[in-house]
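1. Fold the following, please.
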Amino acid sequence: MRISTSSLLLTMSLLAMGLVGCNSSMQAFKQGVRYYDQGEYDLAIKSLGKAAEGKNASEAARINYLTAESYRQSNRFPQAIPFYQKAVEAASPEADLRFHYAYALKSAGRYAEALDQLTQYIQTNPTSKVNLEKAQREVNTLRAISALSKKQNTIQLKNISALNSPGSEYAPVVRGEELVFTGSRKEKIYKNNGLPMTGLYKVKIGQTPDETGNGAQLFSQRIFSEDANEGTPAFSKDGKIMIFARGNNGKRKGGLDVDLYISRLGNDGWTEPARLALSDSTAWDGTPAFSNDGKTLYFASNRNGGAGGIDLYRTNMDASGRFSRPVNMGRDINTPGDDMFPYVGPDNKLYFASDGHPGLGKLDIFVATRSQGIITVENIGLPYNSPMDDFGMTMIEEGKGYFASNREGGKGDDDIYFFDGTTPSPTDTPIAQTPPGQDTRRTVRYYLAGTVGENAPDRTPLDSAKVRILDVATEQPIGEAVTGKPGTFGKYALQEGKEYVIYVERPGYLTRREPFTMQGRSIPPIFLTKAETDTTFNVSVLLDRIALNKTFVLENIYYDLDKFNIRPDAAEELDKLVTVLKDNPTLRIELSSHTDTRASDAYNDRLSQNRAKAAVDYIISKGVEAERLVAKGYGERQLIVKNAITEEQHQRNRRTEFKILGY
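-> Numbers count the residues shown, from 1 in each chain. Here you go, the predicted model:
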C-alpha cells in the first residue's frame, strides 16, 4: 500500500512535535532538579510543574517527590500533601518519603492518616536514628492527640489585620510602646518561597488590637540589607542592644549563611550591625531572646553536637557586652526535631516553639518550668496552638501579648495574632476543673538494662564483659555486672534529669564508654494513664575487637578550606579519641588524614600531613603520651570514592582515621 506525501508529512510533523514536547519536558525536569539542588524551591516547583505537564511517566515518582519536598523545604506543608500522595502511589524509593508525608498530613489536621504513614515508615527500619527517634515520639503524640486537644484556654484571640499582609509577618517583640516585627516587605524576591525578603519593621502599639498595625515603618535604615533576610530581633533590658539574625541570601543552600548580628543604639541611631563571634559559620543561628535581667541570651542553632534538628542554646553576657561560649540547653528541652523561638515571659518561665514535643501541629508553643532540678515542658494548648505553625510569643504583661501563626483563616503566610487571657470573652467555655479530693498524681519508675555485643555485622553477644554504670555528677556506680551467655546486664534504677555513663571492658576488645542521659526521656504527663508506670530503657553496647592495623574512621573531623587548625567541632570528636586512648592505656595508633582530589598531589600531601600533625598535637595537649601517636598524611592516595563528583562524595574522601599499631 502506498502512503501519500501529505500523510507522510503529517506523520513526520506529529513525531517532531512529540519529540519537541518530550525534550521540553525533560529540560523542565532537569531545570527543576537544578533549582531544587540550589535551594530555590519556588522556581523548582514551577519547573517541575512544567515537567509533569509533559507526562514524563518514567520520572513521575521523582517529579512528585521533589515537588512535595520543595513545598516542605519552603514551609508550605499542606500544599505538599497531594504530591507526596502521588509519589507514594508511584512507589517512589525515597527512604524518608512517608516520614515527611506524615508531618504534612499532621499540618492539615489529618492525624489518623499521619499515624498510618509514620507506622509504615518505622516498619522499614530506617537508617536515620534521628528521624526514627522523632517518628517514634510522634507516634505516641498522635495516639494522644485527643487528650492534647482537651486543653482549652479562655482567651481572646484576634488577627492583627491592619498589620498583616499577603506576605509574612512574625517574631513580634515589644519594645517600649512599639511592636518590632519581621516582615517580608523588601523588593527582592526570596527564591526559596517566592515571597519578598524579610526585614525589621516597627509600629506603635494601639489601645486596641485593631489600632496596632497602621503606619508600620522600617525599623532602621542602617539595619537593612536588600539582598538578605533579616529578622527575629531581641533587645537588652535597657533597649540599647539589639541581637538579630541575617542571612538566607541564596548563596549557600540550607540556610547555613544565617548568623546572629549585634547593633547598639547611640546618639545618632543604631550602629552598623556586626556579626557575633558566637555564631557558627557552618550552621543556622537565629531567633535570639534575652532573659529579663538582660544577662543571658538564648538562641536557636542547628550546629553540630545538638539533639538532632534545631536546638536552643544559652550564653551569658558580661558587663562589657561580651558573650561566653554557648551551652546547649539539654534534652529536657531540645528534641530530635526543631526547638526554636525562645522567650522569657514576665513570669520568668521559658516559652518556645517545637515540633518535637507532643503537639497539635507543626510548631506548637510550649512552656518550660524547673522544680527541684527537674525541667517540665508543657504544651500551652488551644487556641494558642493549631495544626499549623504557632511560634514567636511575646507579652505586654503576663497573660497578654502577641504570637505568630500560619493557621487557616489568616491574611497571609505567617500572621501576627493578639491574645488576651486577662479578660476572657463571655462566650468562652471554662476549663474543666478536677473534682475536689481526686488524686491526679502519677508515679513513673525508670530502669536501665542492655546487652553487650561485638561491633560486627552479626553483633555476636559477648559474655564475661564487665559493666559499670556511673552517675556522672557523683562519679559513683549505680550498678555493676558481668554479662552472662546472652551478653545481657541490668536492670538498674535511674533518676529523671540525670546523666550516666556505661563503662564496658573485656579482654581483647577496646574498652568503651557509652553515655546515657535521662534528659528528654521523661514520659510527658499527657501520656500517663495509670497511677504507677514502670519503663525500662534497653541499650546495646558494641565493642570493637583489637587487631593490628585495624582502621577506624573518626566522624565529623572537618577543617576549613585549605586550613589545618582544629575547629571546635573537630575538637569535640578528638576528645572522644582522647577518652579511648586513656581507657586503653597500652594502645599505640597512627592518626591519618586524607584529602579529596581537588588540588595537586604535592599540595594535598602537605595539607594532609599538617592536618594529621595538628590532630596529634591536640591529643598530646590533652595528656596522652607522644610516643603512643604517629601522624601520617596520605593526601589523595587512599580514596574511598575513586571518581567523586558530588560534594558528599568528596567529603567521604576528606576523612580522618586512626589505625592500631600496637597494644
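
2. Quick check: buried residues in stretch 512-528?
-> With burial defined by 16 or more other Cβ atoms under 10 Å, the residues of stretch 512-528 counted as buried are 512-514, 516-520, 522, 524, 526, 528. For glycine as for every other residue, the C-beta is placed from the backbone atoms N, C-alpha and C.

3. how about the residues you listed in CSV, adding pLDDT?
-> Conversion of these to CSV gives the following (pLDDT from 0 to 100):
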residue, pLDDT
512, 92
513, 91
514, 90
516, 91
517, 86
518, 86
519, 79
520, 75
522, 82
524, 80
526, 75
528, 78
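
4. TSV for these, including secondary structure and distance to residue 102?
-> Rendered in TSV, the data for the buried residues of stretch 512-528 read as follows (DSSP: H, G, I helix; E, B strand; the rest coil; distance: Cβ to Cβ, whole Å):
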residue	secondary structure	distance to residue 102
512	strand	35
513	strand	35
514	strand	31
516	strand	28
517	strand	27
518	coil	28
519	coil	26
520	coil	21
522	coil	24
524	coil	19
526	helix	20
528	coil	24
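
5. can I get those residues in JSON lines with distance to residue 486?
-> Listed next are the buried residues of stretch 512-528 as JSON lines, based on distance: Cβ to Cβ, whole Å:
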{"residue": "512", "distance to residue 486": "19"}
{"residue": "513", "distance to residue 486": "22"}
{"residue": "514", "distance to residue 486": "18"}
{"residue": "516", "distance to residue 486": "20"}
{"residue": "517", "distance to residue 486": "26"}
{"residue": "518", "distance to residue 486": "25"}
{"residue": "519", "distance to residue 486": "29"}
{"residue": "520", "distance to residue 486": "29"}
{"residue": "522", "distance to residue 486": "29"}
{"residue": "524", "distance to residue 486": "33"}
{"residue": "526", "distance to residue 486": "36"}
{"residue": "528", "distance to residue 486": "32"}
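
6. Phi, psi for the residue lying closest to residue 248 once chain neighbours are set aside please.
-> In this structure, residue 248 finds its nearest non-sequential neighbour in residue 229, 4.0 Å apart by Cβ to Cβ, 6 or more residues apart in numbering. Dihedral angles phi and psi of residue 229 (degrees, to the nearest 10) take the values phi -90, psi 140.

7. hey, what's residue 229 bridged with?
-> Here residue 229 sits in beta bridges with residue 247, as judged by DSSP bridges.

8. ok, residue 95 - contacts?
-> Contacts were defined as Cβ atoms under 8 Å, 6 or more residues apart in numbering; by that measure residue 95 touches 124, 126-128.

9. at 7 Å instead, please
-> residue 126 (Cβ atoms under 7 Å, 6 or more residues apart in numbering).

10. Could you tell me the per-residue confidence at it?
-> According to the prediction, residue 95 has pLDDT 89.

11. Tell me the one among the buried residues of stretch 512-528 nearest to residue 468.
-> Within the buried residues of stretch 512-528, the smallest distance to residue 468 is 9.9 Å, found for residue 513 (Cβ to Cβ).

12. what's across from that closest one in the sheet?
-> With beta bridges defined as DSSP bridges, residue 513 has these partners: residue 503.

13. my guess is it contacts residue 576, does it?
-> No - applying Cβ atoms under 7 Å as the test, residue 513 and residue 576 come out as separate, 8.9 Å apart.

14. The stretch 551-663 of the chain: strands as residue ranges?
-> Taking DSSP state E, counting those that start in this stretch as the criterion, the stretch 551-663 of the chain carries its strands at 551-554, 588-594, 629-635, 656-662.

15. Residue 257 is nearest to which of those strands?
-> Distances from residue 257 to each of the strands of the stretch 551-663 of the chain were compared by Cβ to Cβ, and the smallest falls on strand 656-662, at 26.0 Å.

16. Now do that closest one against strand 629-635, angle only.
-> For strand 656-662 against strand 629-635, the angle by axes from the mean of the first three to the mean of the last three Cα atoms, to 10 degrees is 130 degrees.

17. and strand 656-662, which residues are buried?
-> Neighbour counts using 16+ other Cβ under 10 Å place 656-660 of strand 656-662 among the buried residues.

18. any idea which of those residues is closest to residue 214?
-> Using Cβ to Cβ as the measure, the one of these that approaches residue 214 most closely is residue 656, at 58.6 Å.

19. wait, doesn't that closest one sit right on residue 554?
-> Yes - shown here, residue 656 and residue 554 form a contact pair, counting by Cβ under 7 Å, at 4.6 Å.

20. pLDDT weak spots in the stretch 51-200 of the chain?
-> With pLDDT under 70 as the threshold, the stretch 51-200 of the chain has low-confidence stretches at 54-58.

21. go again using 80 as the cut-off
-> Along the stretch 51-200 of the chain, the parts satisfying pLDDT under 80 run over 52-59.

22. now the strands for it?
-> For the stretch 51-200 of the chain, strands defined by DSSP E, counting those that start in this stretch occupy the ranges 156-159, 169-175, 178-189, 196-204.

23. and stretch 568-583, which residues are buried?
-> Here stretch 568-583 shows 569-570, 573-574, 577-578, 580-581 as buried, counting by 16+ other Cβ under 10 Å.

24. Same question for stretch 493-502.
-> Neighbour-count burial for stretch 493-502 flags 494, 496-498, 500, 502 (criterion: 16+ other Cβ under 10 Å).

25. Please flag which of the residues you listed sit within strands.
-> 494, 500, 502 (DSSP state E).

26. Next, format those as TSV and append pLDDT and distance to residue 234.
-> As requested, those are arranged in TSV below (pLDDT from 0 to 100; distance: Cβ to Cβ, whole Å):
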residue	pLDDT	distance to residue 234
494	93	37
500	94	35
502	95	40
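
27. Of those residues, just say which sits nearest to residue 258.
-> For these, the minimum distance to residue 258 (Cβ to Cβ) is 35.0 Å, reached by residue 500.
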